[in-house]
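Trainee: kindly generate the corresponding structure for this input.
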Amino acid sequence: MYGLYDIDGILRFTGSDRESCMAYAELLDIGLGDYCLMDLPDSKQLEIKRRAKPAQGHLHQAKNNN
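Mentor: Numbering: from 1, shown residues only. Purely as a prediction, here's the structure:
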């Protein structure tokens, strides 16, 4: 995976190969001296676990101390 960064260091595009990043730069008319290609490390997808919804009638309500 490669990333195309502009001269301000902002990631503008990620692609599976260098050629796709360079094609993106060419498409937007970004000159060779105006971007940097970086080899990005492989990332792992994180699994998001959801809490189970409480059954009806088992909701906990805050106690009113007034």
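
Trainee: point out where the protein drops to low pLDDT.
Mentor: By pLDDT under 70, the weakly predicted segments of the chain are 54-66.

Trainee: all strands for it, in order.
Mentor: 2-6, 11-15, 35-39 (DSSP state E).

Trainee: what comes up buried for the second one?
Mentor: I take that to be strand 11-15. Within strand 11-15, the residues that count as buried by 16 or more other C-beta atoms under 10 Å are 13, 15. Yep, even glycine has a C-beta here, placed from its N, CA and C like the rest.

Trainee: how big is the angle separating it from strand 35-39?
Mentor: Between strand 11-15 and strand 35-39, the angle comes out at 50 degrees (axes from the mean of the first three to the mean of the last three C-alpha atoms, to 10 degrees).

Trainee: same check, this time on the first one
Mentor: What separates the directions of strand 2-6 and strand 35-39 is an angle of 150 degrees, with the same axes, to 10 degrees.

Trainee: using PDB, list the CA coordinates for strand 2-6.
Mentor: The C-alpha trace of strand 2-6 is given here as PDB (Å, rounded to 0.1, in the frame of the first residue of the first chain):
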ATOM      1  CA  TYR A   2       1.300   3.400  -1.000                       C
ATOM      2  CA  GLY A   3       0.400   6.900   0.100                       C
ATOM      3  CA  LEU A   4       0.700  10.100  -1.900                       C
ATOM      4  CA  TYR A   5       1.500  13.100   0.300                       C
ATOM      5  CA  ASP A   6       1.400  16.700  -0.900                       C
END
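
Trainee: returning to that earlier point: adding distance to residue 28, write the strands of the chain out as JSON lines.
Mentor: JSON lines is the format used below for these (distance: least, C-beta to C-beta, whole Å):
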{"stretch": "strand 2-6", "distance to residue 28": "10"}
{"stretch": "strand 11-15", "distance to residue 28": "8"}
{"stretch": "strand 35-39", "distance to residue 28": "9"}
